[in-house]
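In: Sequence plus the predicted model coming up.
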Amino acid sequence: MNAFAHEPRERLSDRERTRLFLEREGRCHRCTRKITAGETWIDEHLIALENGGTNEWSNRVLTCQFCKPKKDGEDHKKAAHAKRVAVNHVIPRSQRQKRGGFKGWRKFSGEIVWRQG
């Protein structure tokens, strides 16, 4: 698995989305809540593509609109960690780019105090 490349996303047709909904009994895979008719839901990958998942039918699930933000956050966090690990494993510490940034702090009065060295 490459942390920086993944399989391209394949969209499901309306017919395939209906089949998925019926096969998964209209339940969110995270909270197991029954999704009602007309409610917004998302068909997504159980294991996200960016985390090594595939477009296989067995990797497709339903997610309700309430659970999606949390699942997306967890998936992105996991992918970012994999990328950091890959970079740290491949690039020696002495060759990594130095992080810039603010080299001081601001007092309550608003005065900026610069770090020495």
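Out: Structure received.
In: Confirm that Leu22 sits in a helix.
Out: Yes - looking at Leu22 with DSSP: H, G, I helix; E, B strand; the rest coil, it is inside a helix.
In: can you tell me which residues contact the spatially most central residue of the chain?
Out: The residue lying closest to the centre of the chain (C-alpha atoms, centre = their mean) is His76, at 2.5 Å. Listed by C-beta atoms under 8 Å, 6 or more residues apart in numbering, the contact set of His76 reads Glu50. Quick note: C-beta positions are derived from backbone N, CA and C, even for glycine.
In: Tell me how far the longest helix seen in the chain lies from the chain's centre.
Out: The longest helix of the chain (DSSP state H) is helix 68-90. Chain-centre distance of helix 68-90: 7 Å, with C-alpha atoms, centre = their mean, to the nearest Å.
In: Which parts of it count as buried, going by neighbours?
Out: 68, 71, 75, 79, 82 (16 or more other C-beta atoms under 10 Å).
In: And for stretch 95-110?
Out: Per 16+ other C-beta under 10 Å, stretch 95-110 contains no buried residues.
In: do the same with stretch 17-35
Out: Quick answer for stretch 17-35 (16+ other C-beta under 10 Å): 17, 20, 24, 26-28, 30, 35.
In: Identify the bridge partners of Lys34.
Out: Arg27 (DSSP bridges).
In: For it, give me the pLDDT.
Out: Lys34 carries a pLDDT score of 96 in this model.
In: got it, and Asn2?
Out: On the pLDDT scale, Asn2 is placed at 78.
In: Now do it against Glu56, distance only.
Out: 18 Å (C-beta to C-beta, to the nearest Å).
In: Neighbour count: the two, which is higher?
Out: Shown here are Asn2 and Glu56; by other C-beta atoms under 10 Å, Glu56 has more neighbours (12 against 8).
In: and the gap between that one and Leu12?
Out: 12 Å.
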